[in-house]
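Trainee: everything below, folded, please.
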Amino acid sequence: MSHIERPSLEDIRILCYPDKRLRMKAAPLAEVDGFLGELAHRMDEIMLSHEGVGLAATQIGWPRQFIVVNPTMEPGKSMALINPVIVERDGRVSQDEGCLSVPGIRSTVSRADYVKIRARLLTGEEVEMEGEGLMARLFQHEIDHLEGRLFVDRVGAAGRVLLARRLKRLAQRQDPSDPE
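Mentor: Residues are numbered from 1 along each chain as shown. Now for the predicted structure:
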C-alpha cells in the first residue's frame with residue numbers, strides 16, 4: 001500500500017457531500033503513535049464546534065480507520081478508536097439521524113440497537129466494547145464512514161425519493177473549486 005500523508009492538524013476541515021473522498025474506503029492503521037493523540041484532540045474540537053458526537057478520519061480526507069466518538073458532547077470526554085470493526089449486532093431500531101458531512105439533512109435510518117466492536121485504543125491496547133442505543137448507532141455510523149458509506153445510503157426507498165432534491169441542492173451549494 002502506498003504511503004498516505006498525514007493531515008495537517010491546522011488545516012483540518014469536515015468534508016461535505018458530494019465530496020468523492022467521503023466514498024473512499026479507509027485503510028487500517030498499522031502504527032499507534034503520538035500523532036494519533038493529537039489528531040484525536042483536534043477532531044474532537046472540530047466535531048464539538050459543529051455540535052457533533054462522532055467524526056471519522058475519512059470525513060477530514062484522511063482514508064484511515066480512525067474515529068472519534070463523544071456521545072456526551074463534553075470537551076475532553078472523547079474516545080478515539082483505531083481499526084474499529086463490528087463483531088456482533090442485535091436488535092433493530094429506526095431513528096432520526098444526521099451527519100456533519102451532510103449538513104442540514106436528517107432522515108430515519110434503521111440500525112442494530114446493540115453492537116459489540118473490537119478496536120485499538122491510543123495506548124495500543126486492543127479492546128472489545130459494547131454499545132446500545134445512541135452508542136450503538138454512533139459506532140455503526142462512524143464505521144460506515146470508514147467503508148465509504150453515508151447515512152443517506154441506508155435510507156429506505158421512499159426516504160431516498162424525499163431526500164433526492166435536498167441532496168441535489170446541497171451538492172450545488174458546495175464550492176466547485178474544492179478537490180473531489
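
Trainee: hey, where'd the helices end up in this protein?
Mentor: Remark: helices assigned in the chain by DSSP state H are 34-49, 134-146, 157-173.

Trainee: most tightly packed of those helices?
Mentor: Ranked by mean neighbour count, these are led by helix 134-146 with a mean of 22 (mean count of other CB atoms under 10 Å). (Glycine included, C-beta is placed from N, CA and C.)

Trainee: give me the contact list for that one.
Mentor: Outside of helix 134-146, the residues within contact range by CB atoms under 8 Å, 6 or more residues apart in numbering are 22, 25-26, 53-59, 65, 67, 69, 71, 84-86, 89, 93, 95, 97, 99, 101, 111-115, 117, 129, 131, 150-151, 153-154.

Trainee: any of those residues buried? List them.
Mentor: Among the contacts of helix 134-146, those scoring as buried are 22, 26, 53-59, 65, 67, 69, 71, 84, 86, 89, 97, 99, 101, 111-115, 117, 131, 150-151, 154 (criterion: 16 or more other CB atoms under 10 Å).

Trainee: list the buried ones in stretch 10-28?
Mentor: Going by neighbour count (16+ other CB under 10 Å), the buried part of stretch 10-28 is 12, 14-19, 21-24, 26.

Trainee: turn these into TSV, including distance to residue 75 and pLDDT.
Mentor: Shown next, in TSV, are the buried residues of stretch 10-28 (distance: CB to CB, whole Å; pLDDT from 0 to 100):
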residue	distance to residue 75	pLDDT
12	17	93
14	18	97
15	23	97
16	24	96
17	27	95
18	31	95
19	27	96
21	27	96
22	26	97
23	31	97
24	29	95
26	26	98
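
Trainee: who does the biggest strand by length in the chain touch, helix- and strand-wise?
Mentor: Counting residues, the longest strand found in the chain (DSSP state E) is strand 79-90. Applying 3 or more CB pairs under 8 Å, 6 or more residues apart in numbering; DSSP states H and E, one finds that strand 79-90 contacts helix 34-49, strand 66-69, strand 114-120, helix 134-146.
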